[in-house]
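> Have a look at this prediction, sequence included:
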Amino acid sequence: MTLLLDGKTLSENIREEISKRVKAITSKGYREPTLAVVLVGNDPASHIYVRNKRKACQKVGIRSLFYHLPENTTTPELLDLIAYLNSEEKVDGILVQLPLPEHISQQEVILSVSPRKDVDGFHPENMGKLVARIEGGFIPCTPLGIDLLLKHYRIDPKGKDVVIVGAGFIVGRPLALLMLWRDATVSVCHIHTKDITVYTKKADILISATGVPHLIKGDMIKEGAVVIDVGISKLGDKVVGDVDFDSVKHKVSAITPVPGGVGPMTITALLLNTLQAYEQNMGLKDVGL
Ligand SMILES: NC(=O)C1=CN([C@@H]2O[C@H](COP(=O)(O)OP(=O)(O)OC[C@H]3O[C@@H](n4cnc5c(N)ncnc54)[C@H](OP(=O)(O)O)[C@@H]3O)[C@@H](O)[C@H]2O)C=CC1
Ligand SMILES: Nc1nc(=O)c2c([nH]1)NC[C@@H]1CN(c3ccc(C(=O)N[C@@H](CCC(=O)O)C(=O)O)cc3)C=[N+]21
């Protein structure tokens, strides 16, 4: 029997709890939590993601402000906007949708977001807190979402061989750190790995985050493994993950579907991080809320 790790339903349940918490706070007269979403250019996929994130905010009572800048925006112009959002008391979280156009310095942008508003967890101060396991920072949304999904299904990485395929900055790398903190033995594969199958076959928990459709096939995994598929690609008008679901599903003990697995959990983690930013910004814990 293969267990389907249903990120969609778990997300709905967690979002219900977030909504209740927001209502409980705002009913005491506090303002709404606020997330500023910044999108540069006209990438159609980014537009859809941003729309979904804003819809999710609205449903739980988080106000979202949308800043849509033209493709030819310069790095200094974008930094000016971020400086304004950093200084604006009523903005709790800032999300700059990636990827940015080629001519903009992603590094400068990531460094410019105030670490206290960095709900993506990309600023080195938050990444550093993840390395050092210092509380109060923001954990990047996809790793946090996967952690919540594993916890919900009582899949404990402790002592397990966790193999991550893909060493990207927003998923693979921070996820490796988080899995280390969960006491897993972690391997990270990437484009220069000689033979990823050597690793994938050993995995008790295999997590793929490359964006290469159908990279992971049934003969590459161990019987009974847990498979987490982070990849999102378009094949025609179908959304597919990194995992060849049909050849893998009979071999595994549990697997995330695409869509409906990690994606919704990423957005839920964004809402949780925004709530955390708001509570810290407003000092709510100090007033016993
Ligand atoms: N479901 C969700 O919530 C989310 C999904 N995504 C999706 O996850 C995927 C990865 O995103 P992201 O981390 O931003 O992408 P990146 O491009 O930053 O990282 C991809 C990683 O995969 C590696 N890689 C690429 N091809 C192979 C291969 N054939 N074998 C082994 N490793 C390979 C790359 O290696 P190298 O760098 O050396 O080239 C890199 O380390 C995308 O499909 C993205 O859409 C992303 C965020 C959230
Ligand atoms: N600053 C920044 N932060 C991000 O977190 C960030 C980003 N930039 N750039 C792009 C990636 C990608 N990403 C996804 C989030 C949700 C789904 C998602 O909800 N997917 C649904 C629907 C998939 C579909 O139908 O297209 C699902 O898997 O069920 C997918 C991908 C966040 N990212």
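Here it is on my side, so go on. As the structure is a computational prediction, the values presented were derived from the model and not from experiment. Ligands and ions are numbered 1, 2, ... in the order given.

> Return the residues of this protein in contact with ligand 2.
Proximity of the chain to ligand 2 is confined to 49, 52, 95-98, 120, 141, 232, 239, 258-260, 263-264, 266-267 under the rule Cβ under 6 Å from any ligand atom. Any C-beta I mention is one placed from the backbone N, CA and C, and that applies to glycine too.

> Can you tell me which of those residues are buried?
Burial by neighbour count, judged by 16 or more other Cβ atoms under 10 Å, picks out 49, 95-97, 120, 141, 232, 258, 260, 263-264, 266-267 from the residues of the chain next to ligand 2.

> Could you save those residues as TSV and add columns showing pLDDT?
Shown next, in TSV, are these (pLDDT from 0 to 100):
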residue	pLDDT
49	95
95	98
96	98
97	98
120	98
141	98
232	97
258	98
260	98
263	98
264	98
266	98
267	98
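
> which SS state does the residue lying closest to residue 149 once chain neighbours are set aside fall under?
Leaving aside its chain neighbours, residue 149 sits nearest to residue 265 (5.3 Å; criterion: Cβ to Cβ, 6 or more residues apart in numbering). Using DSSP: H, G, I helix; E, B strand; the rest coil, the structure places residue 265 in helix.

> Check whether residue 265 really touches residue 11, as I assumed.
Yes: assessed by Cβ atoms under 8 Å, residue 265 is found in contact with residue 11 at 5.8 Å.

> These two: which has the busier surroundings?
Using other Cβ atoms under 10 Å as the criterion, residue 265 and residue 11 rank with residue 265 on top: 28 against 24.

> Retrieve the pLDDT associated with that one.
Per-residue pLDDT puts residue 265 at 98.

> same check, this time on residue 98
Residue 98 is assigned a pLDDT of 97 by the prediction.

> Likewise for residue 19?
Predicted confidence (pLDDT) for residue 19: 98.

> so what's it closest to, chain neighbours aside?
Distances taken as Cβ to Cβ, 6+ apart place residue 60 nearest to residue 19, at 4.3 Å, with adjacent residues excluded.

> who are the neighbours in contact with residue 36?
64, 65, 67, 85, 88, 91, 93, 94, 95 (Cβ atoms under 8 Å, 6 or more residues apart in numbering).

> So which bits of the stretch 1-150 of the chain are right by ligand 1?
residue 142.

> show me where pLDDT drops low in the stretch 1-150 of the chain?
Flagging of the stretch 1-150 of the chain using pLDDT under 70 yields an empty set of residue ranges.

> so the residue of the stretch 51-200 of the chain found nearest ligand 1, which of the three states?
Of all residues in the stretch 51-200 of the chain, residue 168 sits closest to ligand 1, at 2.4 Å by Cβ to the nearest ligand atom. Following three-state DSSP, we place residue 168 in the coil state.

> Could you verify my assumption that it touches residue 207?
No: counting by Cβ under 8 Å, residue 168 does not reach residue 207; the two are 11.9 Å apart.

> neighbour-wise, which of these two wins?
A count of neighbours by other Cβ under 10 Å puts residue 207 above the other of residue 168 and residue 207, at 30 against 16.

> Please report how far the more buried one lies from residue 242.
In this view, residue 207 and residue 242 are 9 Å apart by Cβ to Cβ, to the nearest Å.

> what is in contact with the two at once?
165, 230.

> Now do the phi/psi pair for the nearest residue to residue 182 once chain neighbours are set aside.
The shortest distance from residue 182 to any non-neighbouring residue, by Cβ to Cβ, 6+ apart, is to residue 157 (4.1 Å). Phi and psi for residue 157, reported as degrees, to the nearest 10, are phi -70, psi -10.

> residues in contact with the residue nearest to residue 149?
7, 10, 11, 142, 145, 146, 148, 149.

> who's in contact with the last one?
Put plainly, it is residue 149. Neighbours of residue 149 in contact, by Cβ under 8 Å, 6+ apart: 5, 7, 10, 228, 256, 261, 262, 265.

> Swap in 10 Å and give it another go.
Contacts for residue 149 (Cβ atoms under 10 Å, 6 or more residues apart in numbering) come out as 5-7, 10-11, 155, 228, 254, 256, 261-262, 264-265, 268-269.

> Thank you, goodbye.
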